[in-house]
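Peer 1: Just need the structure, nothing else, for what follows:
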Amino acid sequence: MKHLKSLLFATALFIGATSFTAAQSKIAHINTQELVKAMPEYKTAQAEIEKLGKTYEATIQGSLKELETKLTQYNAEAEGQTQEENQKRMAEVEGMKQSLSQYQQQAQQDLQKKEFDLLKPITEKARVAIEKVAATQGYDYVLEAGGLIVKKGKDLMADVKAQLGI
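Peer 2: So this is what the prediction gives:
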């Protein structure tokens, strides 16, 4: 979600980053986050990210269960083992914990990258549609509606959705 907000903010800045030279500039606004969430591609991307997340979660849960089983077994057998054997087993358990922790971190990074890769073309498509509608309707500036306190300009949401066919 962090990447989505960053991309949407960058999109809003890009759209509004022209110079303020005209005294009577036409200004409009749009909530790009709402627009992107309304796009069918976003729903598809979110489903894909959720599916990948569930796959990682299932793997992590399986590893945790295996770790717990091994730990329970080793604790039950500890008194019948030598101190050296118990130390080897504890080292093995610690290694499993570290591997699991590394896997969790990698899974989180993979999910973030996947989300960024899937959302980038969607936000780009939204940006292009916003630019087309703004140009067609003669707007000089389009601001991100999410951060506006007063919204007196035109809301382009309906027009951009029509441009995108949603």
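Peer 1: Please make it C-alpha for all contacts and neighbour counts, starting now.
Peer 2: Fine.
Peer 1: remind me which residues of this structure are low pLDDT?
Peer 2: The model of the chain has pLDDT under 70 over residues 1-24.
Peer 1: Which stretches in it count as strands?
Peer 2: If DSSP state E is used as the criterion, the strands of the chain fall at 27-30, 141-144, 154-155.
Peer 1: So for Lys97, which of those strands sits nearest?
Peer 2: strand 141-144 (44.8 Å; Cα to Cα).
Peer 1: partners of that closest one in the sheet?
Peer 2: Using DSSP bridges, the strands paired with strand 141-144 are strand 27-30 (parallel).
Peer 1: which residues touch the strand it pairs with?
Peer 2: Identification of contacts with strand 27-30 by Cα atoms under 8 Å, 6 or more residues apart in numbering yields 134, 139-146, 151, 153-157.
Peer 1: What lies in contact with stretch 147-166?
Peer 2: The contact list for stretch 147-166 (Cα under 8 Å, 6+ apart) reads 26-31, 35, 38-40, 126, 129-130, 133-134, 145.
Peer 1: before we move on, what about stretch 68-86?
Peer 2: By Cα under 8 Å, 6+ apart, the surrounding residues in contact with stretch 68-86 are Arg89, Val93.
Peer 1: Endpoint to endpoint, that stretch covers what distance?
Peer 2: Taking Cα to Cα, to the nearest Å, stretch 68-86 runs 16 Å from one end to the other.
Peer 1: Could you number the chain from 35 rather than 1 from now on?
Peer 2: Sounds good: first residue 35 from here, last item stretch 102-120.
Peer 1: roughly how far is it from the heart of the chain?
Peer 2: 42 Å (Cα atoms, centre = their mean, to the nearest Å).
Peer 1: Please apply the same query to stretch 158-176.
Peer 2: Stretch 158-176 has its C-alpha centroid displaced from the chain centroid by 24 Å (Cα atoms, centre = their mean).
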